[in-house]
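S.K.: Quick one: sequence plus predicted model below, questions after.
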Amino acid sequence: MTHTETSSSQFQVSCLNMADDGENVPDLKHQAEEIRRFLEMKMVKGQIWCLIDSKWFRNFKHYVGLDTTWTPHGGKEHPGPIDNKNLFENGDLNGELKDHMVDELDYVLLPESAWQLLEQWYGLSPNQKPIKKEVVESGVFVKHCKVEVYLLKFNLCKDFDIKTQYTHKFSKALTIRSMEKLMREHYGIPKDTEARLWSCFSPNASNELTNPDSTIQDEGLFQDQVIVIDTRSANGEWHRPTKWLSYPSELVSNMTANSAASKMVTRRTIGDGSVNNEAESSSSSMYTSTQPGLCGLCNIGNTCFMNSVIQCMSNCPPITQYFLNGDHYEELNETNPLGMRGEIAKAFGELIKSLWSGTSTYTVPHHFKLQVGKFAPQFSGYQQQDSQELLTFLLDGLHEDLNRIKKKPYIEFKDSDSRPDLEVSKESWENYQKRNNSIIVDVFHGLLKSTVICPDCSKVSITFDPFCYLSLPLPQSRNKYIDVTFMPYNPPEKPLLYKVALPKKGKVQDLLDDVSRMCNVNSENLILAEVTKHHFRTVFSREDSLEHVDERDILYVYELPVRDNTDYHVIPVCHWEWHPESNHNLSQLFGVPFFVVVPRTNCTFAKLYETIIARLTHYINHVDNKNITMDSEDSPMSGSENNADSYKEYLKMGLFTVYNIDPSSSNAVKKLHNDGQAISFPDEFDQQYLALQWTVDNRNKYFNNLADIRQERLRTSKPSSVLQLSDCMELYTTCEKLGADDAWFCPVCKKHQQATKKFDLWSLPDILIIHLKRFSYNRYKREKIDRVVEFPIMGLDMSDYVIGKDDKSTIYDLIGVCNHYGGMGGGHYTAYAQNKLDRKWYCFDDSHVSAVFPDTIVSNAAYVLFYMRRKTPVRAMDVH
């Protein structure tokens with residue numbers, strides 16, 4: 001058997017929507033060349049590109065040999081018709097696209113002409129149509145083209161009157177002028193009537209859109225925002241937003257927070273929430289007196305990732321004091337070519353002052369978000385982003401905007417040349433500060449010692465490099481734990497469920513060997529298959545890497561009575577329930593698929609049927625002679641192999657009808673008949689299989705879905721899911737061998753070497769940021785590590801890891817935590833932070849702030865930790 005992947009609804013579509021009959025389809029080589037040409041095309045504004053499910057496209061690349069990184073079986077697997085159902089919520093083709101999908105991981109983008117070719121060659125699954133999207137320009141200062149996968153939905157209304165509200169979707173590239181024109185047409189507002197547009201962040205925070213030529217992207221508008229067209233009345237007055245205050249709570253919730261995700265954290269709002277002021281600034285807020293620093297941040301469209309970072313930074317006392325004092329105005333570096341013209345520093349300073357003013361329970365970071373999007377286009381959209389990536393940009397942007405070095409000198413790099421570490425480290429730090437000197441360097445930057453040793457000449461290279469955060473890997477088990485069900489071929493034996501512990505870098509053969517030892521069968525007689533929606537999704541080769549096997553997959557190990565043998569066919573079989581009143585597309589697969597082994601020669605229908613019945617012993621209830629729906633022409637009594645004494649077999653023969661399914665053939669569905677002739681099967685069953693067509697009555701009466709599966713366990717259970725922060729530090733400072741992609745150039749050998757490398761902490765900053773690397777990506781999957789990492793709230797002792805000698809304390813206390821809840825590409829961010837005025841801990845969940853107990857802070861959601869060096873005495877921060 002070979003590694004084979006099939007479409008999830010292949011049988012249902014095999015007789016519908018098939019591709020050309022073959023006459024107009026080029027060979028695989030030409031298909032690969034055609035699509036490769038499209039993959040190399042650059043996007044042009046205004047073009048139409050189409051989304052294709054990444055799994056289907058990966059199968060296509062394997063099939064035609066386009067994937068040069070992995071074609072394990074010569075590209076024999078046919079991808080089947082194009083199926084984009086997985087890109088839609090709940091698979092509803094008439095519904096919305098799934099949120100937070102990622103290019104290349106969830107879908108692939110191709111020009112419309114490429115889609116048309118693929119559709120011509122492979123056809124479409126039922127009810128499918130192209131997912132067309134337009135190419136638009138993105139970015140403010142540096143324009144680049146990108147496909148706009150998601151349009152923005154706005155709630156529109158007239159004169160702040162909720163009764164006029166309706167929803168409409170817009171492109172980010174649309175101008176405010178065009179939006180106003182559409183709203184005028186919808187509400188029937190004459191051209192000579194003066195009007196103005198408002199973007200509303202909350203019931204009491206709004207901003208006038210004054211530049212008609214700016215785009216929705218330029219203005220930083222976000223999903224589900226309310227846009228109001230306000231008209232001047234005949235007496236010359238504008239409408240006041242009194243009715244706007246009575247907006248329904250569900251609409252307010254959409255504007256101010258990611259309410260669904262926020263439910264993962266218990267919270268209470270600080271402040272009474274009373275409102276009586278209209279705000280007309282882009283940094284508008286709810287004006288209610290509160291304790292300085294306990295001010296929430298409005299979610300303005302999937303910005304919880306940004307809000308959590310801002311709250312952690314806001315509770316770093318030396319940084320906040322610096323901006324509250326206005327020191328940043330004295331040190332703005334607006335001419336730094338590496339900076340952001342001082343705009344990021346000014347916007348951040350304004351936000352800090354708002355958070356610590358004590359006059360509002362929440363504020364809207366609209367201006368800050370707009371500035372970030374201008375200089376970092378990856379943050380200009382409205383999809384969820386990584387808070388660590390935003391933090392990296394913010395620290396770098398603030399540093400360059402506030403760099404005290406106006407003209408950076410050229411510094412020549414010097415090798416350590418066996419000089420003492422103290423001398424080299426001092427030289428490295430002084431050279432760094434000649435080009436980099438800011439409040440960010442003062443507070444967040446430390447020094448790492450890096451030791452690299454060449455494996456050939458033993459050259460030792462020691463460098464000292466600044467860092468502003470530590471990205472710590474989380475120790476992971478070297479094993480992966482896979483649930484598999486063993487399906488014996490011998491009918492009296494029952495299926496067994498095992499949990500197998502295997503090396504992550506192992507092969508499928510390792511899994512089969514483990515199962516064979518436990519079940520006392522020959523591993524050469526076993527095959528591994530993934531089952532999805534009652535059919536074989538993948539049949540794995542023994543040499544396939546276990547990286548291809550996902551622990552969440554439904555996996556079966558099937559025993560076969562023969563090994564790879566030219567005398568026998570190994571045929572996949574699925575169950576199909578037939579609804580006589582409907583077409584094939586409305587029928588459905590059910591049960592667990594299986595394999596039958598029959599001779600390659602002289603295999604009649606009766607022999608095949610007898611073999612199938614024997615394999616179904618566990619699933620067939622007692623058969624009698626009442627009310628069995630049969631096809632008389634296929635019963636033993638009507639064929640050439642009549643057996644008058646085999647009345648029981650006659651009854652069983654009527655349980656189901658056998659079809660041969662070949663999606664790649666023009667005759668996709670072929671009924672097999674009991675004509676006494678030998679059945680001709682293909683040499684290889686790539687996409688082809690048998691389907692047993694059951695009537696609804698026969699399935700309900702005679703098919704038993706609840707066959708017993710006895711559970712066993714192989715090897716050991718999963719290890720404890722709790723880690724210590726010290727475990728992560730140990731792994732970070734462990735000597736490792738560089739990979740081929742990270743090879744180091746040896747100045748002695750004059751070539752790249754897979755050297756050994758070790759990090760050591762030489763000196764630490766006043767505020768130590770620790771990033772826990774919970775997210776991992778590879779070619780096959782992306783995943784989040786949800787294990788708990790226990791970290792101290794008070795008294796983190798870093799002395800065991802710091803090898804440099806100075807008089808500074810190595811004891812740190814926690815002051816902030818950025819949390820991530822949920823899975824990859826989405827989820828929700830919150831922050832825990834300690835307020836320096838009352839020394840209490842609070843949860844910042846977008847616009848909501850609530851007090852929390854310190855013992856609730858450590859969780860598997862902790863993502864970025866902020867520690868401050870302990871000093872004696874600790875002085876309260878002056879916020880006035």
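M.R.: Yep, that arrived. These figures come from a predicted structure and were not determined experimentally. Numbering: from 1, shown residues only.

S.K.: ranges for the strands of the stretch 551-700 of the chain?
M.R.: For the stretch 551-700 of the chain, the strands defined by DSSP state E, counting those that start in this stretch cover 555-559, 568-578, 588-599, 656-661, 669-671, 689-695.

S.K.: Can you flag the weakest of those by average pLDDT?
M.R.: Among the strands of the stretch 551-700 of the chain, strand 669-671 has the lowest mean pLDDT, at a mean of 79.

S.K.: Residue 740 - nearest residue in space that isn't next to it in sequence?
M.R.: Excluding its sequence neighbours, the residue lying closest to residue 740 (Cβ to Cβ, 6 or more residues apart in numbering) is residue 754, at 6.3 Å. In short, each C-beta sits where N, CA and C put it, glycine included.

S.K.: any idea how far residue 743 is from that neighbour?
M.R.: Counting by Cβ to Cβ, to the nearest Å, the separation of residue 754 from residue 743 is 5 Å.

S.K.: The two: who's more crowded?
M.R.: residue 754 (16 against 13; other Cβ atoms under 10 Å).

S.K.: Provide a list of residues in contact with the more buried one.
M.R.: Counting by Cβ atoms under 8 Å, 6 or more residues apart in numbering, residue 754 makes contact with 455, 737, 738, 739, 740, 743, 744.

S.K.: and if you look at residue 187?
M.R.: Counting by Cβ under 8 Å, 6+ apart, residue 187 touches 158, 164, 229.

S.K.: Do you know the pLDDT at the closest residue in space to the first one that isn't next to it in sequence?
M.R.: What it means is residue 158. With sequence-adjacent residues excluded and distances taken as Cβ to Cβ, 6+ apart, residue 158 is closest to residue 164, at 4.3 Å. pLDDT recorded at residue 164 is 83.

S.K.: and the closest residue in space to residue 689 that isn't next to it in sequence, what is it in contact with?
M.R.: Closest residue to residue 689 apart from its sequence neighbours, by Cβ to Cβ, 6+ apart: residue 572 at 4.1 Å. The contact partners of residue 572, taken as Cβ under 8 Å, 6+ apart, are 536, 539, 593, 594, 595, 685, 689, 690.

S.K.: pretty sure the fifth one is touching residue 558, no?
M.R.: Yes: at 5.4 Å, residue 595 counts as touching residue 558 under the criterion of Cβ atoms under 8 Å.

S.K.: Counting neighbours, go ahead and name the busier of these two.
M.R.: residue 595 (25 against 22).

S.K.: From residue 522, how far off is residue 507?
M.R.: 17 Å.

S.K.: more neighbours, the two?
M.R.: residue 507 (20 against 12).

S.K.: ok, what's across the strand from the more buried one?
M.R.: The partner list for residue 507 in beta bridges (DSSP bridges) reads residue 545.

S.K.: do you know how far it is from residue 532?
M.R.: Distance of residue 507 to residue 532, given as Cβ to Cβ: 22 Å.

S.K.: Likewise for residue 697?
M.R.: Taking Cβ to Cβ, one finds residue 697 at 27 Å from residue 532.

S.K.: Next: residue 324.
M.R.: With distances taken as Cβ to Cβ, residue 324 is found 57 Å from residue 532.

S.K.: So these two - more neighbours on which side?
M.R.: Neighbours were counted for residue 324 and for residue 532 using other Cβ under 10 Å; residue 324 has more, 20 against 15.

S.K.: what about the helices in the stretch 451-600 of the chain?
M.R.: 508-519 (DSSP state H, counting those that start in this stretch).

S.K.: any low-confidence regions in it?
M.R.: For the stretch 451-600 of the chain, the stretches flagged by pLDDT under 70 are 477-478, 492, 564-565, 580-587.

S.K.: what's the answer for the stretch 51-200 of the chain, then?
M.R.: Where the stretch 51-200 of the chain drops to pLDDT under 70, the residues are 67-77, 139-143.

S.K.: where does residue 101 land in three-state SS?
M.R.: At residue 101, secondary structure determined by DSSP: H, G, I helix; E, B strand; the rest coil is coil.

S.K.: quick one: contacts for the nearest residue to it once chain neighbours are set aside?
M.R.: In space, residue 101 comes closest to residue 107 once its chain neighbours are excluded; the distance is 5.9 Å by Cβ to Cβ, 6+ apart. The contact partners of residue 107, by Cβ under 8 Å, 6+ apart, come to 51, 52, 53, 54, 87, 101, 149.

S.K.: circling back: so how do I select the buried members of the contacts of residue 754 in ChimeraX?
M.R.: Command for ChimeraX that selects the buried part of these, burial taken from 16 or more other Cβ atoms under 10 Å:
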select :738,744
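
S.K.: Give the residues shared as contacts by residue 595 and residue 558.
M.R.: Common contact partners of residue 595 and residue 558 (Cβ under 8 Å, 6+ apart): residue 527.

S.K.: ok, so of the contacts of residue 107, who is nearest residue 296?
M.R.: If you rank those by distance to residue 296 using Cβ to Cβ, residue 101 comes first, at 29.1 Å.

S.K.: Pretty sure the closest one sits against residue 149.
M.R.: Yes: contact criterion Cβ under 8 Å: residue 101 and residue 149 qualify, at 7.2 Å.

S.K.: Which residue ranges of the stretch 301-450 of the chain form strands?
M.R.: Secondary structure of the stretch 301-450 of the chain, counting by DSSP E, counting those that start in this stretch: strands at 360-363, 446-453.

S.K.: among those, which is nearest residue 838?
M.R.: Between the strands of the stretch 301-450 of the chain, strand 360-363 lies closest to residue 838; by Cβ to Cβ that is 16.4 Å.

S.K.: What residues of that closest one count as buried?
M.R.: Neighbour-count burial for strand 360-363 [16+ other Cβ under 10 Å]: 360, 361, 362, 363.

S.K.: Note down every partner strand of that strand and its orientation.
M.R.: When DSSP bridges is applied, strand 360-363 pairs with strand 285-287 (antiparallel), strand 296-297 (parallel).

S.K.: Restrict it to CA atoms and write it as PDB.
M.R.: Presented in PDB, the C-alpha positions along strand 360-363 are these (Å, rounded to 0.1, in the frame of the first residue of the first chain):
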ATOM      1  CA  SER A 360     -11.500  57.700  32.600                       C
ATOM      2  CA  THR A 361     -12.400  54.000  33.100                       C
ATOM      3  CA  TYR A 362     -11.400  53.200  29.500                       C
ATOM      4  CA  THR A 363      -9.900  55.000  26.500                       C
END
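
S.K.: What's the mean pLDDT across that strand?
M.R.: Rounded mean pLDDT across strand 360-363 is 85.

S.K.: give me the low-pLDDT residue ranges for the stretch 701-850 of the chain?
M.R.: In the stretch 701-850 of the chain, residues with pLDDT under 70: 704-721, 777-782, 824-826.

S.K.: about what we covered before: tell me which of the strands of the stretch 301-450 of the chain lies nearest to residue 118.
M.R.: Among these, strand 446-453 comes nearest to residue 118, with 47.1 Å by Cβ to Cβ.

S.K.: about what we covered before: between which two of the contacts of residue 572 is the distance greatest?
M.R.: Farthest-apart pair in the contacts of residue 572 is 539 and 690; separation 14.7 Å (Cβ to Cβ).

S.K.: Just give me the closest of the contacts of residue 107 to residue 548.
M.R.: residue 54 (14.9 Å).

S.K.: Go ahead and confirm residue 472 touches residue 771.
M.R.: Yes: using Cβ under 8 Å, residue 472 is in contact with residue 771, at 6.8 Å.

S.K.: So between those two, which is more surrounded?
M.R.: Neighbours per residue (other Cβ under 10 Å) separate residue 472 from residue 771, with residue 472 holding more: 20 against 17.

S.K.: How about that one: what's its closest non-neighbour residue?
M.R.: residue 728 (3.9 Å).
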